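Asker: sharing a sequence plus its predicted fold:
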Amino acid sequence: MPKTVIPNEQALHHALKSAEWAAIRYSSETTTQRAVRNDKPESNESSLDEGAMCEVLVAGHFGYAATADLSLSGLQRAFDRAIATTRAMSAHKVHAFTPDQRPRATGTYCSARGRDLDALSVTEITDCLMAASQAMRVSDLLVNRSARAMLVQTQIDYFDMLDITLAATAVEGLESQTRSWSYTGQFGGEAFDRAVLQENAERVAGEALTLLRAENCPSGRMDLVLMPDQMMLQIHESIGHPLELDRILGDERNYAGWSFVKQEDFGRLQYGSPLMNVSFDPGRAHELASYDFDDGGNRATREMLIEYGVLKRGLGSLESQLRSGLPGVANFRSASWNRAPIDRMANINLEPGTSSLDELIGQVEHGVLMRTNRSWSIDDYRNKFQFGCEHGQLIENGVLGKVVRNPNYRGVTVAFWNRLAGVGREAETHGTAFCGKGEPSQIIRVGHASPPCLFRDVEVFGGQS
């Protein structure tokens, strides 16, 4: 991706005549969408989004103005707007800031990847997705077979990101069941491995057919083993969002909600069992939200959020740390050049334990193993939740048994995590490209790594399609 040259120095000189501090954050992002449905190409789209955010500090207040005009005059006009609106609003600021919240930092970051995405042709990508779609054609009951890929190349630092999803839907009478598989992270063209995609395509097609004829998941209190692709959402909703400091401070209450976590809980709250260790780890190779610096220029380092079940640190930038008096992390992130950075999750990971999956299953007398989220509901304090999964398997006397469809479970965050009784030693990396927050809305990429986990005495219930 060629780098656009913008007149940073002259524009900043113009802004600093009136502002205490000023910065330009340039971003260019190319997104390519490829999709095959039922062995026929469905979409082939590319888009380019490019612009700059001009940020200033005036009278102790940070303010912003975005522009797609990257000429000197365009940047100067954006700075003039930022300075004027920031000065007008400074009398109503919630806190007086200084340039200390924007420390000087120098460095570069580039995604760990094998083959460059630019080296992939449209034909190669489409052929690979076509092969996956064809591999799912194992029954006339499979009425929908889709293979999709989203390729994102971002130039702030330099990110290569991929989101590949395979899905098969089986229908018989009034019953329908869907199985899916996704591969998401900072990868290059090496992710388009035809054999891997075909293998997973065949598996999800077969599992969709099995679910079609399976019994509904039983209801009752029982042990629950969650696989990493479901742990991703459990971590995201009941750890990541509640620990965002701007949410705890009330900044997000109009849209994304508050948090059950209070400022006095840090260092005291037994968030989960002693087996629960959760990290903010922006340095993990290939995870979707890996980076060296956040969008405030702060160097990102690995930090423990929860240790042995005790809440230690929040997800908040230098601004939120100053306002709350709490320790945070370098997670001041923006979804685009035309959005101001806010406190966002990045890579939030549950650290591996010591058990194999077989050992976790062997500890269960009566329970169910669940894979792959298909529905979720959680209150605006991120406290009470209910999640549904695509695929369940009963566990009886330590043995994995028959498949059940429509498995669901519910709980309350702290009580649920204190039921954590086993943590696997093999972690998998997953993620989502569509985490929403902020006003105006921002959709950002988030990564989660987790092993399978065992929870005791959880409320499980079946449901209808």
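Answerer: Sure thing, it's come through.

Asker: for the lowest-mean-pLDDT helix or strand in the chain, which positions count as buried?
Answerer: Sorted by mean pLDDT, DSSP states H and E, the helices and strands of the chain end with strand 158-172, the least confident at a mean of 93. Buried residues in strand 158-172, counting neighbours by 16 or more other Cβ atoms under 10 Å, are found at 159-164, 166-171. The C-beta positions use only the backbone N, C-alpha and C, and glycine is treated the same way.

Asker: now distance to H13 too, for those residues, in a markdown table please.
Answerer: Supplementary listing: the buried residues of strand 158-172 in a markdown table, determined by distance: Cβ to Cβ, whole Å:
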| residue | distance to H13 |
| --- | --- |
| F159 | 30 |
| D160 | 34 |
| M161 | 35 |
| L162 | 40 |
| D163 | 41 |
| I164 | 45 |
| L166 | 52 |
| A167 | 53 |
| A168 | 58 |
| T169 | 58 |
| A170 | 63 |
| V171 | 64 |
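
Asker: picking up where we left off before, for the least confident helix or strand of the chain, name the packing helices and strands.
Answerer: If contacts are counted by 3 or more Cβ pairs under 8 Å, 6 or more residues apart in numbering; DSSP states H and E, strand 158-172 sits against strand 142-155, strand 175-185, helix 194-212.

Asker: got the angle between that strand and strand 175-185?
Answerer: Using axes from the mean of the first three to the mean of the last three Cα atoms, to 10 degrees, one finds that strand 158-172 and strand 175-185 are set 170 degrees apart in direction.

Asker: start at 10 instead
Answerer: Understood, numbering begins at 10; the last thing we discussed is strand 167-181.

Asker: thinking again about what came up before, and the helices and strands packed on strand 167-181 as TSV, adding mean pLDDT and mean neighbour count?
Answerer: Output for the helices and strands packed on strand 167-181, formatted as TSV (pLDDT from 0 to 100; neighbours: other Cβ atoms under 10 Å):
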stretch	mean pLDDT	mean neighbour count
strand 151-164	95	20
strand 184-194	97	21
helix 203-221	98	19
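
Asker: and S329, which of those is closest to it?
Answerer: strand 151-164 (24.2 Å; Cβ to Cβ).

Asker: partners of that closest one, with directions?
Answerer: Sheet partners assigned to strand 151-164 using DSSP bridges are listed as strand 30-46 (antiparallel), strand 167-181 (antiparallel).

Asker: returning to that earlier point: next, the angle from the least confident helix or strand of the chain to helix 203-221.
Answerer: Going by the same axes, to 10 degrees, strand 167-181 makes 40 degrees with helix 203-221.

Asker: report the distance from strand 167-181 to the chain centre.
Answerer: Centroid displacement of strand 167-181 relative to its chain, using Cα atoms, centre = their mean, to the nearest Å, is 15 Å.

Asker: what's the neighbour count on E199?
Answerer: When neighbours are defined as other Cβ atoms under 10 Å, E199 has 13 of them.

Asker: among the strands paired with strand 151-164, which is nearest D255?
Answerer: Among those, the nearest to D255 by Cβ to Cβ is strand 30-46 (18.7 Å).

Asker: can I get the next helix or strand after the closest one in CSV? Just the C-alpha atoms.
Answerer: Remark: after strand 30-46, the chain's next helix or strand is strand 49-67, criterion DSSP states H and E. Written as CSV, here are the backbone C-alpha positions of strand 49-67 (Å, rounded to 0.1, in the frame of the first residue of the first chain):
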residue,chain,number,x,y,z
LYS,A,49,-21.5,-19.2,-7.1
PRO,A,50,-19.5,-16.0,-6.6
GLU,A,51,-21.8,-13.6,-4.8
SER,A,52,-19.7,-10.4,-4.1
ASN,A,53,-16.4,-8.9,-5.1
GLU,A,54,-16.0,-5.5,-3.6
SER,A,55,-13.2,-3.2,-2.6
SER,A,56,-13.2,0.2,-0.9
LEU,A,57,-10.7,2.8,0.2
ASP,A,58,-11.3,5.0,3.3
GLU,A,59,-8.6,7.8,3.8
GLY,A,60,-8.4,10.9,5.9
ALA,A,61,-6.9,12.6,8.9
MET,A,62,-8.0,13.5,12.4
CYS,A,63,-6.7,16.8,13.7
GLU,A,64,-6.5,16.9,17.6
VAL,A,65,-5.7,19.9,19.8
LEU,A,66,-5.5,20.8,23.5
VAL,A,67,-7.0,24.2,24.3
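
Asker: many thanks, I have nothing further to ask.
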